[in-house]
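Trainee: Provide a 3D model corresponding to the input given below.
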Amino acid sequence: MAEPPCRYRAGLRHWHPLLPSRQLGRRPLRRQLCGEPLVLFRTAGGQAAALAEVCPHRRMSLAAGRVQGEQLVCAYHSWRFGPDGAVQCPLMPAAGLRQPAFQVREAQGLIWLRQPPPGEAAPPPLPAWPQGDLLPAGITLHQVPAPLELTLDNFTETEHTSTIHQVFGFTDPAAVELRLELEPAATRVWNSGPQKPFPRLFDAFIDVRPRDQFANDWVTSFEPPLTVYEQTWRRGERLRRFRMRVVMF
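Mentor: Numbering: from 1, shown residues only. Coordinates of the predicted model:
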């Protein structure tokens with residue numbers, strides 16, 4: 001028996017942000033999540049949807065199709081697919097055929113996807129992090145051509161900070177204070193040391209001065225893979241106004 005076009009993988013049970021909402025218009029988009037090829041489309045009513053990419057009829061990529069009303073139409077034989085995976089065939093009954101579909105949510109300016117495991121009672125909530133009095137600066141997409149474990153390792157070590165980072169780093173690695181906390185599904189690395197000199201006028205722009213203490217607070221979770229790091233500066237007991245928080249999936 002042939003394998004279905006989209007197989008459940010354990011990592012798909014988590015919510016994953018796949019792209020900014022603004023990037024999904026009426027034209028279908030091909031993407032990949034946890035190794036699974038899929039197609040995203042937006043219906044005429046504005047609903048975002050995601051299906052396994054390959055048509056079960058003749059293996060045509062549904063990303064080459066078009067959106068018509070609330071359905072995605074295959075470019076080869078005009079099979080129609082609803083956001084829930086329901087299939088309509090123009091010349092024959094579909095016999096209850098369904099295309100594997102993903103759960104889709106739009107929040108925080110992003111399109112989130114997951115594929116629930118069999119027998120799940122209810123979906124988990126979307127990942128959330130406190131914004132406090134911070135102002136959102138934007139969303140950046142960057143694909144890292146490296147294994148996930150090496151990428152996460154980079155987020156949890158500080159040895160490269162002084163030599164690689166040109167702006168946010170330490171003048172003296174030997175003077176850096178380091179703390180590490182380990183949990184069953186997360187790590188937390190906190191380090192603080194003397195800030196290296198900023199480029200001209202940059203320090204005035206972000207209210208940071210020479211000899212300020214620069215601190216990194218990195219929390220990396222593994223279920224789902226997620227890193228939140230916050231950067232702050234202080235002079236003695238005084239915390240500088242500028243601070244930065246970055247959330248990475």
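
Trainee: in the top helix by length along the chain, which residues are buried?
Mentor: Ordering each helix of the chain by length in residues (DSSP state H) puts helix 148-155 first. With burial defined by 16 or more other Cβ atoms under 10 Å, the residues of helix 148-155 counted as buried are 152, 155. Where you see a C-beta, it was placed from the backbone N, CA and C, and this is true even at glycine.

Trainee: likewise for stretch 17-28?
Mentor: 17, 18, 19, 20, 24, 28.

Trainee: what do you get for stretch 39-55?
Mentor: Buried-residue list, stretch 39-55, by 16+ other Cβ under 10 Å: 39-43, 48-55.

Trainee: please apply the same query to stretch 181-196.
Mentor: By neighbour count on 16+ other Cβ under 10 Å, the buried set for stretch 181-196 is 187, 188, 189, 190, 191, 192, 193, 195, 196.

Trainee: partner residues bridging the second one?
Mentor: Meaning residue 188. In this entry, residue 188 is beta-bridged to residue 181, residue 219, by DSSP bridges.

Trainee: my guess is it meets residue 221, correct?
Mentor: No: using Cβ atoms under 8 Å as the test, residue 188 is too far from residue 221 to be in contact (9.8 Å).

Trainee: how about the CA coordinates for stretch 82-101, as PDB?
Mentor: The C-alpha coordinates for stretch 82-101 follow below in PDB (Å, rounded to 0.1, in the frame of the first residue of the first chain):
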ATOM      1  CA  GLY A  82     -11.600  22.500   1.100                       C
ATOM      2  CA  PRO A  83      -9.700  23.900   4.100                       C
ATOM      3  CA  ASP A  84     -10.700  20.900   6.100                       C
ATOM      4  CA  GLY A  85      -9.300  18.500   3.400                       C
ATOM      5  CA  ALA A  86     -12.700  17.600   1.900                       C
ATOM      6  CA  VAL A  87     -12.400  16.600  -1.800                       C
ATOM      7  CA  GLN A  88     -14.700  17.100  -4.700                       C
ATOM      8  CA  CYS A  89     -14.100  15.500  -8.100                       C
ATOM      9  CA  PRO A  90     -15.700  17.100 -11.200                       C
ATOM     10  CA  LEU A  91     -16.500  13.900 -13.000                       C
ATOM     11  CA  MET A  92     -16.800  11.200 -10.300                       C
ATOM     12  CA  PRO A  93     -17.800  10.800  -6.700                       C
ATOM     13  CA  ALA A  94     -14.900  11.400  -4.300                       C
ATOM     14  CA  ALA A  95     -16.000   8.400  -2.200                       C
ATOM     15  CA  GLY A  96     -15.200  10.200   1.100                       C
ATOM     16  CA  LEU A  97     -11.700  11.000   0.000                       C
ATOM     17  CA  ARG A  98      -9.900  13.600   2.200                       C
ATOM     18  CA  GLN A  99      -6.700  15.300   1.800                       C
ATOM     19  CA  PRO A 100      -4.500  15.500   5.000                       C
ATOM     20  CA  ALA A 101      -5.100  19.000   6.500                       C
END
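
Trainee: buried ones in it, by neighbour count?
Mentor: 82, 83, 85, 87, 99, 100, 101.

Trainee: again, but for stretch 169-178
Mentor: 169, 170, 176.

Trainee: gap between the closest residue to the second one other than its chain neighbours and residue 130?
Mentor: Computed as Cβ to Cβ, 6 or more residues apart in numbering, the closest residue to residue 170 that is not its neighbour in sequence is residue 193, at 3.8 Å. If you measure residue 193 against residue 130 using Cβ to Cβ, to the nearest Å, the figure is 26 Å.
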